[in-house]
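# Sharing a model that was predicted from the sequence below.
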Amino acid sequence: MALQNVRSNTESKRPTAAGLSDGQIAINTHAGSPGLFFEDASGNIVKVGPVQVGTSAPNSTPATGGSTGNSIGELWLDTSNSVNVLKVWDGSAWQDDLVNLASGSNDGLLSSSDFTKLSGIAAGAEVNVATNLGYTGSTRVLTSSTGTDVTLPEVSAGGDSGFLTGADKTKLDGIAAGAEVNTVDSVAGKTGAVSLVKGDVGLGNVDNTSDANKPISTATQTALAGKASLVGGFVPTSEIPSIAITEFLGSVANQTAMLR
């Protein structure tokens, strides 16, 4: 003859304390809420297992005639979110912080920020490793007692990166910060995009005239007007006063011929 325990195939139906004797086991065989139960010495129904897996908490909707609530230590794997969370009933609420985050002195779970930090650290990285550096000027090799030697670039030239010569450093020290090449601060008191006229540079009375067309002053013109004109290298008789010839050496027909 088969011996059978108190049992139920109704979903979410748990035994009641009144329905069990000390040491008696009750079983729920429903696939959606299987469980093994017993009554403790205080008259409480305790669920032995298994862990309920689902989106709803165990016994959240008790069946008619069954006990309500949950037993202390009962487990639930909550699958309602993208990440499954194991929770335990503490007598008043479901707790999911079963393991604390790791701290400076205690082991625990790895936080997301610590994981990001850890991911950014190279494998084999060391903290504050002591090293001795050496440099050979003739070969420009920088040596390290714990790392890889490096050959430094030559003196910079033509826009290339490299060391700075002493002469170039002296030149650099003599240049004001922000200095520009061929830059004029102002012209004739003007700054920015400067446009000049002749008056800006003290040449207001100057005309842009060719030498052949340059005028002369009024005084010069008056003086020239009083001069006799030459015709063929001679002063015409119409522009000279009558004169008396008191002495003439040579032969000439008349005064007109002599003066033309």
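In hand now; what should we look at?

# Do a quick rundown of the helices in the stretch 151-260 of the chain.
166-173, 218-225, 255-259 (DSSP state H, counting those that start in this stretch).

# Deepest in the core, which of the ones you listed is it.
When neighbours are counted by mean count of other CB atoms under 10 Å, the highest per-stretch mean among the helices of the stretch 151-260 of the chain falls to helix 255-259, a mean of 11. The way it works is simple: take the backbone N, C-alpha and C, and place the C-beta from them, glycine included.

# Average pLDDT for that one, rounded please.
Averaging pLDDT along helix 255-259 gives 55.

# Then stretch 120-136?
The predicted model gives stretch 120-136 an average pLDDT of 85.

# before we move on, back to that, for the helices of the stretch 151-260 of the chain, give me CSV that also has distance to residue 92.
Compiled in CSV, the helices of the stretch 151-260 of the chain are given as follows (distance: least, CB to CB, whole Å):
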stretch, distance to residue 92
helix 166-173, 74
helix 218-225, 120
helix 255-259, 148
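
# Any idea which of those helices gets closest to residue 43?
Residue 43 sits nearest to helix 166-173 of all these, at 91.3 Å, using CB to CB.

# circling back to that earlier point, of the helices of the stretch 151-260 of the chain, which approaches residue 100 most closely?
Of all the helices of the stretch 151-260 of the chain, the one in closest proximity to residue 100, counting by CB to CB, is helix 166-173 (57.9 Å).

# coming back round to it: lowest average pLDDT across the helices of the stretch 151-260 of the chain?
helix 255-259 (a mean of 55).

# Enumerate every residue touching residue 201.
Contacts here follow CB atoms under 8 Å, 6 or more residues apart in numbering; on that basis residue 201 touches residue 188.

# pLDDT weak spots in the stretch 51-200 of the chain?
Low-confidence regions of the stretch 51-200 of the chain, defined here as pLDDT under 70, cover residues 156-162, 184.

# in it, which spans are strands?
Using DSSP state E, counting those that start in this stretch, the strands assigned to the stretch 51-200 of the chain run over residues 52-54, 75-78, 85-89, 94-95, 133-136, 141-144, 150-151.

# Give me the helices and strands touching the longest one, please.
So the one you mean is strand 85-89. The helices and strands touching strand 85-89, judged by 3 or more CB pairs under 8 Å, 6 or more residues apart in numbering; DSSP states H and E, are strand 75-78, strand 94-95.

# Please compute how far the longest one lies from its chain's middle.
Taking CA atoms, centre = their mean, to the nearest Å, one finds strand 75-78 lying 46 Å from the centre of the chain it belongs to.

# swap in stretch 107-125?
That offset, for stretch 107-125, works out to 26 Å (CA atoms, centre = their mean).

# can you give me the helices for the stretch 1-150 of the chain?
All helices of the stretch 1-150 of the chain, identified by DSSP H, counting those that start in this stretch, fall at 112-119.

# Can you tell me who the nearest residue to residue 20 once chain neighbours are set aside pairs with across the strands?
Spatial nearest neighbour of residue 20, chain neighbours left out: residue 39 (4.4 Å); criterion: CB to CB, 6 or more residues apart in numbering. Counting by DSSP bridges, residue 39 forms beta bridges with residue 45.

# returning to what we had before: how about the strands of the stretch 51-200 of the chain in TSV, adding distance to residue 116?
Compiled in TSV, the strands of the stretch 51-200 of the chain are given as follows (distance: least, CB to CB, whole Å):
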stretch	distance to residue 116
strand 52-54	31
strand 75-78	26
strand 85-89	21
strand 94-95	27
strand 133-136	33
strand 141-144	30
strand 150-151	31
